[in-house]
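Student: sequence? don't have it. structure:
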């Protein structure tokens, strides 16, 4: 596989995770048409932020994750803030994936009555081993898992179309326009993959923009197809994990393929985010690689104690950590335009006011989502 596709698949694999499974549930509250507007709006904004970060990495000589880029362009205090947000968001995601992956493995081996702790270890150990091999492990892991999750989500979506009823898509609730945005933002989050993509394309950096566009386009269109087919097949009776409802209504086909998709999606995210966390410790704080691996992999094992649920961790991670990271990435982008170290292979020519408007909008969404989670 050529480097452009390898880099694209890392981005795709990092983006497509647990968030997509909750899209039909939240979009049903507003109706598909409003949900489609939300997906296009949020998707476009996050693609722009992803391209901003791509340009930032290209304006920087040495490899860095977000904390290192923050220190270089906006100071040490910003480095520590972004490091905290990055580390906490990744720990939250890794913990959730261990929790969710263990539940799915328990489902597949239900006949053997495997204890929950063992199921979680069966998910964690092989993926942590792949992550131990660094960027090479990420490349190989994403080469295997990303095509599989694309195939599975496509199969589930096509299978749902056999039960499609267009009457299920007529609902329109303008009052709920902002309701799906929190989970859509989480579902599109994949910024941590971009510095890794630059490493893969080190001798082909001119292709980074193309890889970002390809890697983002795949989940963008799959999300629309998946939401469209699920809402069309399910008459408002959608659980928080859409594939569970499909399996409940239409049989074991959806249970098997839905859970396989979820398992592989969590695996790709775990590998990419785990490596990003190791590189934060190693590249941005100069910690030995073996110690960085221990720091990255040890805390998520708290999930083995079952201290929190899958959805609780995802909700907390998205609301408190991911949106602030987007806003700080925009700030770094504005700074790097003046203080970059090298001429980038591509340059975004955006109106001066647009990055600021995007940041304000995301801040508004963050406040609104936090308010809803606390009081509604």
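Tutor: Perfect, thanks for sending it. For clarity, every value in this text was computed on a predicted model and none was experimentally measured. Numbers count the residues shown, from 1 in each chain.
Student: So what touches whichever helix or strand residue 11 is part of?
Tutor: Counting by DSSP states H and E, the element that carries residue 11 is helix 3-15. Defining contact as CB atoms under 8 Å, 6 or more residues apart in numbering, one finds that helix 3-15 is touched by 1, 50, 138-139, 142-143, 145-147, 149-150, 187-190, 192-194, 196-197, 200-201, 204, 207-208, 210-212, 214-216, 218-219, 268-269, 271-273. Placement of C-beta: from N, CA and C, glycine included.
Student: Next: stretch 240-248.
Tutor: Residues outside stretch 240-248 that contact it (CB under 8 Å, 6+ apart) are 21-25, 156, 159-160, 226, 230, 233-234, 237-239, 254-255, 257-259, 261-262, 311.
Student: tell me how far that stretch is from the chain's mean position?
Tutor: Chain-centre distance of stretch 240-248: 20 Å, with CA atoms, centre = their mean, to the nearest Å.
Student: where does the stretch 251-376 of the chain have low pLDDT?
Tutor: The stretch 251-376 of the chain contains residues with pLDDT under 70 at 302-319, 370, 372-376.
Student: Swap in 80 and give it another go.
Tutor: 301-320, 369-376 (pLDDT under 80).
Student: all helices of it, in order?
Tutor: Ranges of helices within the stretch 251-376 of the chain are 252-279, 289-297, 310-317, 323-339, 353-375, based on DSSP state H, counting those that start in this stretch.
Student: Could you point out the longest helix of the protein?
Tutor: Longest helix in the chain, counting residues (DSSP state H): helix 76-108.
Student: Measure how the following helix or strand past that helix sits relative to helix 252-279, angle-wise.
Tutor: The element immediately downstream of helix 76-108 (helix or strand, assigned by DSSP H and E) is helix 116-132. Calculated by axes from the mean of the first three to the mean of the last three CA atoms, to 10 degrees, helix 116-132 forms an angle of 50 degrees with helix 252-279.
Student: Could you tell me which ranges of the stretch 1-150 of the chain sit under the pLDDT cut-off?
Tutor: Residue ranges of the stretch 1-150 of the chain with pLDDT under 80: 1, 17-19, 21, 92-93, 96, 99-100, 103-104, 107-113, 116, 132-146.
Student: wait, what's in contact with residue 127?
Tutor: By CB under 8 Å, 6+ apart, the neighbours of residue 127 are 141, 267, 270, 271, 274.
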